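Participant: sequence first, then the predicted structure, then my questions.
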Amino acid sequence: MKRIIVLAIALIAALTLFAGCGNIENVESLEIRGTVTTEFEVGDVLDLSGVSLKVTFTNGETLILNGDDSRLTFTGFNTTTTGSKVMVFKYEDVELEIPYTVYDQAINTQIGLNGAINSGVSNIRLTGSAFTTGATISVANDMVITGVDCTLNEFVFTATNNATVTFKNVNFAKDNADKTSVLTINGGTFVFENCTFTTKGYLANGITGNGNNVEFYNCEFVTETATDCFNYLVSNGANVNGAKNIYKNCTIVCNFWYGISFAGNLMVDGCNIESTITDKTTLKDSYGASYVNPNKQPVAFHSSAYYKDGRVASSYFNMSVTNTTLKNLQNVMRIYRVDNINVASRFNLVFEGNTMTNCNYVVNFSTLSWGHYDEVIAALPEGAATRYVAQNNTGLTKVGEFNFTYLDNGFFRYEGFNYIDKNGDVYEYVGYNGAHYVRTGTVGNYTYYELRIAYSADGLDNRTLTVAADPLV
């Protein structure tokens, strides 16, 4: 059914003036007088009778014309297809361009979003304060979803056929304190423009992905009370396809334990990232650790290489953080598994133009990352503080000369680290092949142990040493 859209007079809105190349010496400006509707559905018909235009001449005289006056030329309006378009009013050689968007359908809270997206729909406008909590949506083609004062609570979106789903001006939230993510995404590419993410409670992720391509532009993460806190802001570290992760001009000033988790590719530029948790908080993370634990959070970036089938040439790590403010962080970045990379050109780290305040460690070198120590340090500001952990915040101490080799039996051999247990006993760290190994003794008389690690509140307990065979054989 076609809708007739009337452009009702409401105010004087001066729009951008475009002058042609002809003789326009008698016309100085052209202004629209009225509220021009800029959002339509497929099949809508435009009624210009409710709008008028003001023509101002160089001698100061003015002329008021109705929108449907024959002396005006009106072009560019077409609602047979969806997308962003431009309608044009023209008087003599002066034009006014008015951008507008055509949607497949408008969905409000009365209709509900769950199950409302049909195959082939590519542009949707959402209106209404809050949609059904926990809805699951499957999208099979590229789609733009634009919000008008709307909130999606705990939704799950799955994009099939490598579809790209773009959200504009949508608020994502959760209204309870359980562990359900604010938003869960699967497959495809997800783009967020001018969106807001808000959580309740303190153990839920903002977004949980599965190695999806994600892009954020001018987005914001928000916590409203002292007892609200993100677990991960974005958990997207699955090694599925080495997805791209882009954050541009985003504001992340809120309570969070862990930051942005990714695998393979991350680009951050012009962002403001600050955990607002203080040492007064009573919150504890999902492992029972508090903010004041010196071995743990908050962390801005959990940074893993993309790797597949072990240490192969297809593994890579591309991380760029530029022109970004970083504040109140235990670790700016925690790096994992970059030693899977055996081609130098596949490791790229850029860290430039950033401002850091109250950041204890710039880099926390975690499992399978120490072999790229020199490359990482070269990319950081001079004197940047670092630390070494085996896994789950089990601290290692760097001693003597450091060496890294990858053995034919699949063992990552590290030399130059000691592990010191909570009793003060010292073990030489040997390396990793899916499990961590340490040893004591001297050449020809070593005793090897598998170091089994479990999280605990203090980041140091729950380590078990089990006698093991020599892993270097």
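Facilitator: Perfect, I can see it now.
Participant: stretch 219-228: end-to-end distance?
Facilitator: Chord length of stretch 219-228, first to last residue, is 19 Å (CA to CA, to the nearest Å).
Participant: low-confidence ranges, the protein, go.
Facilitator: For the chain, residues meeting the criterion pLDDT under 70 lie at 1-25, 105-120, 128-132, 238-242, 285-297, 308-314, 456-461.
Participant: is residue 432 in a bridge, and if so with what?
Facilitator: Note on residue 432: beta-bridge partners residue 412, residue 436, judged by DSSP bridges.
Participant: distance of it from residue 410?
Facilitator: 10 Å (CB to CB, to the nearest Å). (Glycine included, C-beta is placed from N, CA and C.)
Participant: who has more neighbours out of these two?
Facilitator: residue 432 (21 against 12; other CB atoms under 10 Å).
Participant: show me the contacts for the more buried one.
Facilitator: 367-368, 390, 411-412, 414 (CB atoms under 8 Å, 6 or more residues apart in numbering).
Participant: do that again at 10 Å, thanks
Facilitator: 339, 367-368, 370, 390-391, 410-414, 451, 471 (CB atoms under 10 Å, 6 or more residues apart in numbering).
Participant: TSV for those, including distance to residue 282 and secondary structure?
Facilitator: Listed next are the contacts of residue 432 as TSV, based on distance: CB to CB, whole Å; DSSP: H, G, I helix; E, B strand; the rest coil:
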residue	distance to residue 282	secondary structure
339	38	helix
367	31	coil
368	35	coil
370	36	helix
390	30	coil
391	28	coil
410	45	coil
411	44	coil
412	40	strand
413	44	strand
414	39	strand
451	32	strand
471	43	coil
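Participant: next, count neighbours for residue 154.
Facilitator: So residue 154, with other CB under 10 Å, has 20 neighbours.
Participant: again, but for residue 76
Facilitator: Neighbours of residue 76 using other CB under 10 Å come to 13.
Participant: mind checking how far it is from residue 267?
Facilitator: 36 Å.
Participant: ok, now residue 143?
Facilitator: Relative to residue 267, and taking CB to CB, residue 143 is found at 24 Å.
Participant: between these two, tell me which one has more neighbours.
Facilitator: The neighbour comparison of residue 143 against residue 267 (other CB under 10 Å) goes to residue 143, with 23 against 17.
Participant: would you mind confirming that that one makes contact with residue 126?
Facilitator: No - contact criterion CB atoms under 10 Å: residue 143 and residue 126 do not qualify, at 11.8 Å.
Participant: overlap of the contact sets of these two?
Facilitator: With CB under 10 Å, 6+ apart as the test, residue 143 and residue 126 both reach residue 167.
Participant: tell me the domain boundaries of the protein?
Facilitator: As given by automatic domain parsing, the domain ranges for the chain are 4-102, 174-389, 400-468.
Participant: figure out which of those domains is closest to residue 151.
Facilitator: Relative to residue 151, the nearest member of these by CB to CB is domain 174-389, separated by 8.5 Å.
Participant: chain center to the closest one: distance?
Facilitator: The gap between where domain 174-389 is centred and where its chain is centred comes out at 9 Å by CA atoms, centre = their mean, to the nearest Å.
Participant: measure that domain end to end?
Facilitator: By CA to CA, one end of domain 174-389 lies 34 Å from the other end.
Participant: equivalent analysis for stretch 30-48, please.
Facilitator: 16 Å.
Participant: one more: stretch 153-161?
Facilitator: Start-to-end, stretch 153-161 (CA to CA) is 25 Å.
Participant: out of the contacts of residue 432, which end up buried?
Facilitator: Buried subset of the contacts of residue 432 (neighbour count, 16 or more other CB atoms under 10 Å): 339, 367-368, 370, 390-391, 411-414, 451, 471.
Participant: checking my notes, residue 372 in a helix, right?
Facilitator: Yes - under DSSP: H, G, I helix; E, B strand; the rest coil, residue 372 falls within a helix.
Participant: I'd say it and residue 305 touch.
Facilitator: Yes - counting by CB under 10 Å, residue 372 touches residue 305, with 9.1 Å between them.
Participant: mind listing the shared neighbours of residue 432 and residue 410?
Facilitator: With CB under 10 Å, 6+ apart, residue 432 and residue 410 have common neighbours residue 471.
Participant: I'd like to know which elements the helix or strand residue 87 falls within is packed against.
Facilitator: Here residue 87, judged by DSSP states H and E, is contained in strand 83-91. In terms of contacts (3 or more CB pairs under 10 Å, 6 or more residues apart in numbering; DSSP states H and E), strand 83-91 is packed against strand 27-33, strand 52-57, strand 62-66, strand 73-75, strand 94-103.
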